[in-house]
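Student: have a look; sequence and predicted model below, questions after that.
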Amino acid sequence: MATIVEIDTYIVDIPTIRPHVLAMATMHHQSIVLVRLRDSDGIEGIGEGTTIGGLSYGEESPEGIKLAIDTYIAPVLETCDPSQVGAAMAKIGKSVFGNHLAKCAVETALLDLAGKRLGVPVSTLIGGGAIRDRLPVAWTLASGDTARDIEEAERVLAERRHNIFKLKIGKRDVRADVAHVAAIKRAVGDRGSVRVDVNQNWSEAQADLGMKLLEEAGVDLVEQPVARHDHAAMARLSAKHVVPLMADEALHGPADAFAIAACGGARVFAVKIAQSGGLLPAHAVATIAQAGGVGLYGGTMLEGGVGTAASAHVFATLPSLAWGTELFGPLLLTEDILAEPLRYADFHLSVPTGPGLGIALDEDRVAFHRRDRRSPTLHVVAGRG
Ligand SMILES: O=C(O)C[C@H]1C=CC(=O)O1
Ligand SMILES: [Mn+2]
């Protein structure tokens, strides 16, 4: 049996191409936690754990993800057969509660390693393989300025890069937010789909008004308008409005997916590998959605190239993906950390085809942006390095 002989985790900070304004934080850079595993045959697996806006989006921060892996997951991983990904994650789950982003990073690295060992893409190890080779990909307009957002939409439409737009709202008064969205929808017209993400920032009463006005403005989808735990309000809003409500922050794996599907809390799920706790649980979330008649959208935590490729492998296996994906994370960053960037063309992202994730890191770029580049730490498994 091969064993893991090296586990290296580090944070890479990359500036964004412009401020990304969300209800809970304005991003000027993205902090990506990379996990690199090496097994006793010298095969490497890479994973990514990424959140948004430090601790403002969810319970895990970049620093916390690294700590959870180094201190609590690595000692368990050392005892696992890296080719048995499900068994390894089950063992980790017995001693580490929650920490879905850290688990996603580790599971991604294990799947990359297993895929390379078997000579197959990660999609083949999930749900029977890819059934599509490219994915529709949305862009988020979130510069904080309506005119700048319209300019950006015009540019990416002209480049044939995106024709689905997600607008981040919830920071201002409901009517001011709706006026901003309506102006963008008027400019885009029938050339694209306009959707909004409120990131939990409305009360139920605000959401009731907001969804009505957004529907009148021609918006196609309203993402997580109210608090993630308020399934009852989500169900009432879903039943009342024609514009579909999409669950995002409310979904932290298969149990949430079942609860929300069962209570009619959302007509669409934003499936995220990070929030779900990995690629395999994300696939389970999608399966529950499909069984419950809930539509699917491939979500992102604004990951870099590694997490984006991992997500693409899962979404490529889904029989129906009616709402497309938002796997544009690498395009929001000033630099790519992959040796060969992912391919975006004709409103789609191509799913990588090589063994494992089908990607490689640009070692120089990664070394340059490493937060700890003056004092790197490497966890070498005792007696095995
Ligand atoms: O969906 C979120 O809440 C997070 C994320 C996805 C796209 C984007 O701009 O932010
Ligand atoms: Mn969202």
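Tutor: Received the coordinates, thanks. Ligands and ions are numbered 1, 2, ... in the order given.

Student: where does the residue at minimal distance from the centre of the chain land in three-state SS?
Tutor: Geometric centre of the chain, nearest residue: Thr300, 2.3 Å, by CA atoms, centre = their mean. Here Thr300 is coil, with the state taken from DSSP: H, G, I helix; E, B strand; the rest coil.

Student: Arg132 falls within a strand, correct?
Tutor: No: Arg132: not assigned to a strand; according to three-state DSSP it is coil.

Student: for the residue nearest to the centre of the chain, give its distance to Ala217.
Tutor: 25 Å (CB to CB, to the nearest Å). Every C-beta, even on glycine, is put in place using the N, C-alpha and C of the backbone.

Student: need the residues of this protein near ligand 2, please.
Tutor: 197, 223, 248 (CB under 5 Å from the ion).

Student: against Ile69, how distant is the residue nearest to the centre of the chain?
Tutor: Distance from Thr300 to Ile69, by CB to CB: 21 Å.

Student: same deal with Val271?
Tutor: Relative to Ile69, and taking CB to CB, Val271 is found at 23 Å.

Student: likewise Ser320?
Tutor: From Ser320 over to Ile69 (counting by CB to CB), the distance is 34 Å.

Student: more neighbours: the two, which one.
Tutor: Ile69 (28 against 11; other CB atoms under 10 Å).

Student: contact partners for the more buried one?
Tutor: 7, 9, 33, 35, 49, 102, 105-106 (CB atoms under 8 Å, 6 or more residues apart in numbering).

Student: repeat the analysis, applying 7 Å as the threshold.
Tutor: By CB atoms under 7 Å, 6 or more residues apart in numbering, the residues touching Ile69 are 9, 35, 102, 105-106.

Student: just Leu135 next, same as before
Tutor: Counting by CB under 7 Å, 6+ apart, Leu135 makes contact with 298, 312, 315-316, 325, 327, 348-349, 351.

Student: what's the following helix or strand after the helix or strand harbouring it?
Tutor: Taking DSSP states H and E as the definition, one finds Leu135 inside strand 134-136. Once strand 134-136 ends, the next helix or strand along the chain (criterion: DSSP H and E) is strand 139-141.

Student: got a list of contacts for the next helix or strand after that following strand?
Tutor: The helix or strand immediately downstream of strand 139-141 is helix 146-158, counting by DSSP H and E. With contact meaning CB under 7 Å, 6+ apart, helix 146-158 is reached by 139, 141, 143, 162-163, 165, 180, 183-184, 187-188, 191-192.
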